[in-house]
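Asks: Here is my input; please provide its structure:
(chains A, B and C)
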Amino acid sequence: VPGITFGRALQPERLTRLTFGVVANVEGTVRGEGRIDWNDAGVTSTGAFRTDSLDLAAAFGPVRGLAGEIRFSDLLGLETPPGQEVRLAEVNPGVAVTDGLIRYQLLPGQKLRVEGGRWPFSGGELFLEPTVMDFAQPVARHMTFRVAGLDAAQFIQQFEFENIAGTGIFDGTLPMVFDDSGGRIENGLLKVREGGGTLAYVGELSNEDLGTFGKMAFDALKSMRYDNLAIRLDGNLDGEIVSEILFTGINERPIGGEKLEGMAEELTGLPFRFNITVRAPFRGLVSTASNFIDPTALIRNQKPGDSPKPVQTQESEDKR
Amino acid sequence: QDAALSAAIASGQVGEQADGYMGIAKPVGGDIRSAVEALNIKRRAAYTDQAAKHGVALREWAATIGCQTLRNRVKPGQAYLLPDGVWRVKDASPIALPGNCG
Amino acid sequence: CIQVKAPDKPIEINLNVNVKQEVVVRLQKDAQEFITENPELFPQ
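Replies: Take a look at the predicted model:
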């Protein structure tokens, strides 16, 4: 096979029904060679195919720059020895992740054994845990990603989170489910490493009438040093993610600065325990003109009478 | 196989959904199922670029498309799916769009 | 002078942040344009 070039004129489903409804928009060239031998013992078939860069669209989203070689121990049966490798320049199941490397093996009966996968991610790494997927069954695909050394500052910068700054190195697990409606995280958990970090919400709050406790919460969040922090994550990679952030820490900037002029200095270093639930699309935290953040501050140890009002932060200007 | 898919649309076997993708309203043969999946894969790839361009979540963009397809591309006799998960057949009157369609 | 004693127990604060985007209405025209420019994605 000197070279098959897929594109507008030729799509893989013209060669094999197997790919129809599985991949689409395939673009790139595949080279390789296959051998089929008959003898009285029966039929044997082997082959090896390679590509330097293939783009395609799959049910979980577009893939760019797929590269690698696949060696078949049984070409007709679509079986390979272990240790096949494929590189993925970019995969976008709602969030773009780049420079992936996956090791796998094709097993009899359209089964795929994932031996492992690795992506650099926000200063750390994402590891795809070994699993076996049965492509003969159109079922949801469960994959667990382990997070190691994720740098909060790089993550915030990479996803252009507005009005938030933070540090801390995180590890954890992100169990994911991929089906034909996309990819979602189910009880993901990230924890900060020894040493904790800092967290600052620096958005201005245009609605001043926040109630004393609400004002205090946001003053404290202006510069918080935390020692332990855990984030629970649930939701759709391509839609809304609910993250529950639990941490204890002390405030490094005074609370209610102007009102309590006389003792502003003393009001730092107070111990806080925050439980912040954020409902936002990944992309949604990016600043767009019509975006508004509606934090309702609820203080657990607060008298029932003093219910805080929802807050409208100043609409941040559109950076693009 | 485009003709087969168009026929399935015309007969109400498959139809547009509020989430911006095509869905299967009645049991269909494997070829039609694969054709719908292939179409949705192409839509999703295109939506991914559009969502990035407009700086919105993929599902938000897809839902915006869904509002438009329900508003003016579903013909009487064809099937459509609202967020309540119930397949309906369009009659002469306009479709009661989901709230977020505005 | 006023003596402030830091509370022994941490001050517990629950916060709910909802980031909502009124996208669907704002992008209606863009969505319609996208559909008309990509007929192969929207067979009838």
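Asks: Report the central residue of chain B.
Replies: B:E16 (2.3 Å; CA atoms, centre = their mean).
Asks: again with chain C
Replies: C:V19 (2.5 Å).
Asks: which one is A:P271 nearest to, not counting chain neighbours?
Replies: Nearest residue to A:P271, sequence neighbours excluded (CB to CB, 6 or more residues apart in numbering or on different chains): C:P10, at 3.9 Å. To be clear about C-beta, it is placed using only N, CA and C from the backbone, and glycine gets the same treatment.
Asks: so who does the one you found touch?
Replies: Contact partners of C:P10, counting by CB atoms under 8 Å, 6 or more residues apart in numbering or on different chains, are A:248, A:271-273.
Asks: For it, grab phi and psi.
Replies: phi -60, psi 150 (degrees, to the nearest 10).
Asks: rewinding a little: enumerate the positions of the helix or strand harbouring the residue nearest to the centre of chain C that are buried.
Replies: Taking DSSP states H and E as the definition, one finds C:V19 inside strand C:11-21. By 16 or more other CB atoms under 10 Å in any protein chain shown, the buried positions in strand C:11-21 come out as C:11, C:13-15, C:17-19, C:21.
Asks: pLDDT added to those residues, as TSV?
Replies: Output for these, formatted as TSV (pLDDT from 0 to 100):
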residue	pLDDT
C:I11	87
C:I13	87
C:N14	86
C:L15	83
C:V17	79
C:N18	77
C:V19	73
C:Q21	61
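Asks: show me which of those neighbour chain A.
Replies: Among the buried residues of strand C:11-21, the residues that sit close to chain A (CB under 8 Å from any CB of the partner chain) are C:11, C:13-15, C:17-19, C:21.
Asks: and those residues, which two are the farthest apart?
Replies: By the measure CB to CB, C:I11 and C:Q21 form the most distant pair in those, at 32.0 Å.
Asks: right, and the helix or strand after the strand holding C:V19?
Replies: Assignment by DSSP H and E places the next element after strand C:11-21 at helix C:23-26.
Asks: Now do the helix or strand following that following helix: which elements does it pack against?
Replies: Toward the C-terminus, helix C:23-26 is succeeded by helix C:28-37 as the next helix or strand (DSSP H and E). With contacts taken as 3 or more CB pairs under 8 Å, 6 or more residues apart in numbering or on different chains; DSSP states H and E, helix C:28-37 sits against helix B:30-54, helix B:58-72.
Asks: what do you get if the cut-off is 7 Å, keeping everything else the same?
Replies: Judged by 3 or more CB pairs under 7 Å, 6 or more residues apart in numbering or on different chains; DSSP states H and E, the packing partners of helix C:28-37 are helix B:58-72.
Asks: Quick check: of the contacts of C:P10, which has the highest neighbour count?
Replies: A:F272 (21 neighbours; other CB atoms under 10 Å in any protein chain shown).
Asks: Parallel or antiparallel, list what pairs with the helix or strand harbouring that residue.
Replies: Assigned by DSSP H and E, A:F272 belongs to strand A:271-281. Strand A:271-281 pairs in its sheet with strand A:240-251 (antiparallel), strand C:11-21 (parallel), by DSSP bridges.
Asks: picking up where we left off before, which of the residues in the host helix or strand of the residue nearest to the centre of chain B are buried?
Replies: Using DSSP H and E, B:E16 falls within strand B:14-17. Residues of strand B:14-17 classed as buried: B:14-17 (neighbour count, 16+ other CB under 10 Å).
Asks: Summarise which helices and strands the next helix or strand after it is packed against.
Replies: Toward the C-terminus, strand B:14-17 is succeeded by strand B:22-24 as the next helix or strand (DSSP H and E). Secondary-structure packing of strand B:22-24 (3+ CB pairs under 7 Å, 6+ apart): strand B:14-17, helix B:30-54.
Asks: how many neighbours does the residue nearest to the residue nearest to the centre of chain B when sequence neighbours are not counted have?
Replies: Spatial nearest neighbour of B:E16, chain neighbours left out: B:T69 (4.3 Å); criterion: CB to CB, 6+ apart. The number of residues packed near B:T69 is 23, by other CB under 10 Å.
Asks: who touches B:T69 in this structure?
Replies: Applying CB atoms under 7 Å, 6 or more residues apart in numbering or on different chains, we find B:T69 in contact with B:16, C:35, C:42.
Asks: Redo those residues as CSV? Include pLDDT.
Replies: CSV is the format used below for those (pLDDT from 0 to 100):
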residue, pLDDT
B:E16, 97
C:I35, 97
C:F42, 96
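Asks: Just give me the closest of these to A:V177.
Replies: For the contacts of B:T69, the minimum distance to A:V177 (CB to CB) is 25.1 Å, reached by B:E16.
Asks: Looks like the closest one contacts B:N72 (just checking).
Replies: No. Counting by CB atoms under 7 Å, B:E16 stays clear of B:N72, with 10.6 Å between them.
Asks: buried ones in the helix or strand of chain C with the lowest mean pLDDT?
Replies: Between all helices and strands in chain C, the lowest mean by mean pLDDT, DSSP states H and E belongs to helix C:23-26, at a mean of 75. By 16+ other CB under 10 Å, the buried positions in helix C:23-26 come out as C:23-24, C:26.
Asks: and what of stretch A:150-166?
Replies: Quick answer for stretch A:150-166 (16+ other CB under 10 Å): A:150-153, A:155-156, A:161-162, A:164, A:166.
Asks: still on that earlier bit, from the buried residues of strand C:11-21, pick the one nearest chain A.
Replies: Of all the buried residues of strand C:11-21, C:V19 has the smallest distance to chain A: 3.5 Å, by CB to the nearest CB.
Asks: how about the residues of chain B near chain C?
Replies: Counting by CB under 7 Å from any CB of the partner chain, chain B comes close to chain C at B:2, B:5-6, B:9, B:42-43, B:46, B:50, B:54, B:56, B:60-61, B:63-65, B:67-69, B:73, B:75, B:100-102.
Asks: ok, the least confident helix or strand of chain C near chain A or not?
Replies: Yes. Helix C:23-26 comes into contact with chain A (CB under 7 Å from any CB), by way of C:R26.
Asks: Could you list every helix and strand that that helix packs against?
Replies: Using 3+ CB pairs under 7 Å, 6+ apart: helix C:23-26 touches helix B:58-72.
Asks: secondary structure class for A:T212?
Replies: helix (DSSP: H, G, I helix; E, B strand; the rest coil).
Asks: For chain A, identify the residue most remote from the centre.
Replies: A:D40 (52.7 Å).
Asks: gap between whichever residue of chain B sits closest to chain C and chain A?
Replies: Here chain B gets closest to chain C at one residue, B:G102, 3.6 Å apart by CB to the nearest CB. Counting by CB to the nearest CB, to the nearest Å, the gap from B:G102 to chain A is 12 Å.
Asks: Share the number of residues neighbouring that residue, please.
Replies: For B:G102, using other CB under 10 Å, the count is 12.
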